[in-house]
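In: Requesting a structural model of the entry that follows:
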Amino acid sequence: MIQKRFALFLVWFIGTLAVLAYSPWVQQLLAWPAMAVVSAYVATWGVKLAVTKLPKKYIKGIEYTGIFITGCDSGFGLQLALRLNAMGVAVYAGVLNENSEGGKQLKALSCPKLKVVPVDVTCDEDVQRAVKFINTDLGERKLQAVVNNAGVTAVTEVEWCPLETYRQVLEVNALGPIRVTQAFLPLLRKGTGSRVVVVASLAGRYTFPGFTAYSMSKSAAVSFADGLRREMKKWSITVHTIEPTLYKTPLTKPTVIQGTMQEHWDSSPDNVKKTYGEKYFADFKETICGLLNMAREPQRIAEVIDDMVDAVIGDEPKMRYVPSVAAEFRSQVITAMPMHLQDFVLGMTQPRTPPAAVLNDVMRMKKQDALGKTLTRLRSVPHWFYKDRSNIFQFPEAAPAKIIRDEKQVAKEVEEDIITDIIDSKTSNENVVSTDVVENNE
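Out: Next up, the predicted model:
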């Protein structure tokens, strides 16, 4: 079916190209619109690039506002809390653990406008306690924004990823923003121009192999933000998404990711381990670590924080932020690709080592092929050879002297052929990934 579709595509493409090439009036008709489209596209990206260099403008009276941020234990949340605190904004930094690195660092500042709020976004009681505390502590200040930043990740293939891992990732990354936003909407409605910020990811737009659970959760977060934004217009509450690419944060440390991958692999059923094999899993870990090492350096995190600050107190916030222009361009190119091309490009991150079951299938097929060749040779033995061994064949009593061969010699040759086939089969198995197949000598 794919070949037919590709053939039809070529027919239409060549036909259209021929019409355009030999029709000057068509070329003239399309020239100006085509140039206009190209110019508009280039101008759009030129603006995106230029805006990143312009100074940011913020709303007035930010010192009379408060902002609640989840996931301030480390990473983006911690850096955003520190930046807003330095700007004089009252910050309520939500942490899962007060004794975490971020919790200790924020408490050490001893700033009256910076409050550390213990909150587990998967727990209704924790979220409600945070709402009550912030409502009381705000006083005359306005709750300017709620930043749903808390998140977890999981890197594993579907077949050896426990269902509980899917639940945990979705509970934090997808249901967490919903739970927090629902609880804080009454406070946000008290003022005008309040905002909800959802920290999603470009992984919510397309999915790399091994990142299924994470991409599912971020895709759900993007959909939640899109729907909420349209619903909140009547309340003058704006909703914004931050969709960064991969950065080197505590969440993406190779040692941390490798540890969780090993846990998932160790807890998977024995039949799954046997199907994939240890070599495949080792290659999978190496491939993922290679991707993580390509993440943007920690000093580039500032571009993410700049966009987060603009989303919460910017004078003209955007609906969607992709901190890196290059990452946004790459995202648009990938999402514009046909699905088959997307599968090819994103699938290049798969391990090159075939799973054990695939190797076994190839080996079995090669053994069957060798056996088939052996049987073919056996069937090619002169009929007179079977004369004295079966009465079901009716052969001539004698054969010409020049083709009569010694029975032991024929049996020896057949045995040698079988041994040769087995040796060639083993040799081929050692090079099963290669496309070149060693042919057996006739």
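
In: low-scoring stretches of the stretch 51-200 of the chain, by residue?
Out: Residue ranges of the stretch 51-200 of the chain with pLDDT under 70: 51.

In: Report the central residue of this protein.
Out: The centroid of the chain falls nearest to F208 when counting by C-alpha atoms, centre = their mean (2.7 Å).

In: Let me know the secondary structure of that residue.
Out: coil (DSSP: H, G, I helix; E, B strand; the rest coil).

In: Just confirm it contacts L346, I think it does.
Out: Yes. Proximity of F208 to L346 meets the contact threshold set by C-beta atoms under 8 Å, at 5.5 Å. C-beta coordinates here come from the backbone N, C-alpha and C atoms, glycine included.

In: Do a quick rundown of the strands in the stretch 151-300 of the chain.
Out: 195-199, 238-242 (DSSP state E, counting those that start in this stretch).

In: Out of those strands, which is closest to V333?
Out: With respect to V333, and counting by C-beta to C-beta, the nearest of those is strand 238-242 at 19.6 Å.

In: I67: helix or strand, and which one exactly?
Out: Using DSSP states H and E, the element containing I67 is strand 65-69.

In: That strand versus strand 195-199: what angle between them?
Out: With axes from the mean of the first three to the mean of the last three C-alpha atoms, to 10 degrees defining the directions, strand 65-69 sits at 30 degrees from strand 195-199.

In: how far out from the middle of the chain is the next helix or strand after strand 65-69?
Out: Note on strand 65-69: by DSSP H and E, the next helix or strand toward the C-terminus is helix 75-86. From the chain centre to the centre of helix 75-86 is a distance of 27 Å (C-alpha atoms, centre = their mean, to the nearest Å).

In: buried ones in helix 75-86?
Out: Within helix 75-86, the residues that count as buried by 16 or more other C-beta atoms under 10 Å are G75, F76, G77, L78, Q79, L80, A81, L82, R83, L84, N85.

In: Let me know whether the first one touches T249 as I believe.
Out: To tie it back to what came earlier, the one meant is G75. Yes. G75 is within contact range of T249, at 4.1 Å (criterion: C-beta under 8 Å).

In: which neighbours do those two share?
Out: Common neighbours of G75 and T249 are listed as I301 (criterion: C-beta atoms under 8 Å, 6 or more residues apart in numbering).

In: For the strands of the stretch 151-300 of the chain, give me JSON lines that also has mean neighbour count.
Out: JSON lines is the format used below for these (neighbours: other C-beta atoms under 10 Å):
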{"stretch": "strand 195-199", "mean neighbour count": "26"}
{"stretch": "strand 238-242", "mean neighbour count": "23"}
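
In: With distance to V116 added, can I get the ones you listed in a markdown table?
Out: Formatted as a markdown table, those follow (distance: least, C-beta to C-beta, whole Å):
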| stretch | distance to V116 |
| --- | --- |
| strand 195-199 | 19 |
| strand 238-242 | 22 |
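
In: hmm, back to that, so who does the residue nearest to the centre of the chain touch?
Out: Shown in contact with F208 (C-beta under 8 Å, 6+ apart): S215, L291, L346, T349.

In: Pull out the buried residues from those residues.
Out: Buried members of those, counted by 16+ other C-beta under 10 Å: S215, L291, L346.

In: Tell me which of the residues you listed fall in helices.
Out: Assigned to helices by DSSP state H, the following of those qualify: S215, L291, L346.

In: For the residues you listed, point out the one with the lowest pLDDT.
Out: Confidence by pLDDT is poorest for L291 among those, given 87.

In: So it sits against P351, correct?
Out: No. Applying C-beta under 8 Å, one finds L291 not in contact with P351, separated by 11.6 Å.

In: Give me the common contacts of the two.
Out: Counting by C-beta under 8 Å, 6+ apart, no residue touches both L291 and P351.

In: just to revisit the earlier point, please convert the buried residues of helix 75-86 to CSV, extending it with distance to T255.
Out: Below are those laid out as CSV (distance: C-beta to C-beta, whole Å):
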residue, distance to T255
G75, 16
F76, 20
G77, 21
L78, 19
Q79, 21
L80, 25
A81, 25
L82, 25
R83, 27
L84, 30
N85, 30
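
In: Find the nearest non-adjacent residue to V322, please.
Out: Distance criterion C-beta to C-beta, 6 or more residues apart in numbering; nearest residue to V322, sequence neighbours excluded, is E328 at 3.8 Å.

In: let me fix that: T156
Out: H264 (4.4 Å).

In: Tell me who's in contact with the one you found.
Out: By C-beta under 8 Å, 6+ apart, the residues touching H264 are A154, T156, W160, C161, P162, T165.

In: Can I get the buried part of those as one ChimeraX selection?
Out: Here is the ChimeraX selection string for the buried members of the contacts of H264, based on 16+ other C-beta under 10 Å:
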select :154,156,160,161,165
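
In: Mind checking which of the contacts of H264 are in helices?
Out: Filtering those for helices - DSSP H - leaves T165.

In: Just name the closest of the contacts of H264 to E286, please.
Out: Distance to E286 across the contacts of H264 (C-beta to C-beta) is lowest for T156, with 14.6 Å.

In: Can I get the strand holding I67 as PDB, trimmed to CA atoms?
Out: Once non-C-alpha atoms are left out, strand 65-69 reads as follows in PDB (Å, rounded to 0.1, in the frame of the first residue of the first chain):
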ATOM      1  CA  THR A  65       1.500  40.600  43.700                       C
ATOM      2  CA  GLY A  66       2.100  37.100  44.700                       C
ATOM      3  CA  ILE A  67       2.900  34.000  42.600                       C
ATOM      4  CA  PHE A  68       2.600  30.400  43.600                       C
ATOM      5  CA  ILE A  69       5.100  28.000  41.900                       C
END
